[in-house]
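Participant: sequence unavailable; structure follows:
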């Protein structure tokens, strides 16, 4: 048997963490939800919605994306370039 975590799994875990933090830190948000359909001028499906007041006032829409490159690798090459140019 092979088990593979999917984007849905990651999204749901992140929503759980956000909701735990909201509760534990007594933050001024109602909760976070995953995959909510938002109908405005066009229909959107953000991965995560952070609600100020659930289904009434959204505070933040979050889109999750897979990393395209390793940020540490980019930082390494930038530092290497700075050093080559004589910077510190």
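Facilitator: Received it, and whenever you're ready, just let me know what you need. Quick caveat: nothing in here was measured; it's all calculated off a predicted structure.
Participant: end to end, how far does stretch 27-42 reach?
Facilitator: 30 Å (Cα to Cα, to the nearest Å).
Participant: list the buried residues in it.
Facilitator: The neighbour-count check on stretch 27-42 (16 or more other Cβ atoms under 10 Å) flags 29-30, 32-34, 36 as buried. Where you see a C-beta, it was placed from the backbone N, CA and C, and this is true even at glycine.
Participant: please flag which of those sit within strands.
Facilitator: In strands, defined here by DSSP state E, the members of the buried residues of stretch 27-42 are 32-34.
Participant: need the contact partners of whichever helix in the chain runs longest.
Facilitator: As assigned by DSSP state H, the longest helix anywhere in the chain is helix 7-24. Contact with helix 7-24 is made by 27, 29, 31-35, 47-48, 50, 64, 66, as judged by Cβ atoms under 8 Å, 6 or more residues apart in numbering.
Participant: can you give me the buried ones in that helix?
Facilitator: Residues of helix 7-24 classed as buried: 11, 14-15, 18-19, 22 (neighbour count, 16+ other Cβ under 10 Å).
Participant: so which of those is the closest to residue 75?
Facilitator: residue 14 (24.2 Å; Cβ to Cβ).
Participant: tell me how far the closest one lies from residue 20.
Facilitator: Going from residue 14 to residue 20 by Cβ to Cβ, to the nearest Å gives 11 Å.
Participant: got it, and residue 36?
Facilitator: Residue 36 sits 19 Å away from residue 20, going by Cβ to Cβ.
Participant: what of residue 46?
Facilitator: Taking Cβ to Cβ, one finds residue 46 at 20 Å from residue 20.
Participant: and residue 13, by the same measure?
Facilitator: Computed as Cβ to Cβ, the residue 13 to residue 20 distance reads 11 Å.
Participant: ok, which pair from the contacts of helix 7-24 is furthest apart?
Facilitator: Farthest pair in the contacts of helix 7-24, by Cβ to Cβ: 27 and 66, 27.7 Å.
Participant: please identify the helix or strand for residue 52.
Facilitator: Following DSSP states H and E, one finds residue 52 within strand 48-53.
Participant: what are the buried residues along that strand?
Facilitator: The neighbour-count check on strand 48-53 (16+ other Cβ under 10 Å) flags 48-51 as buried.
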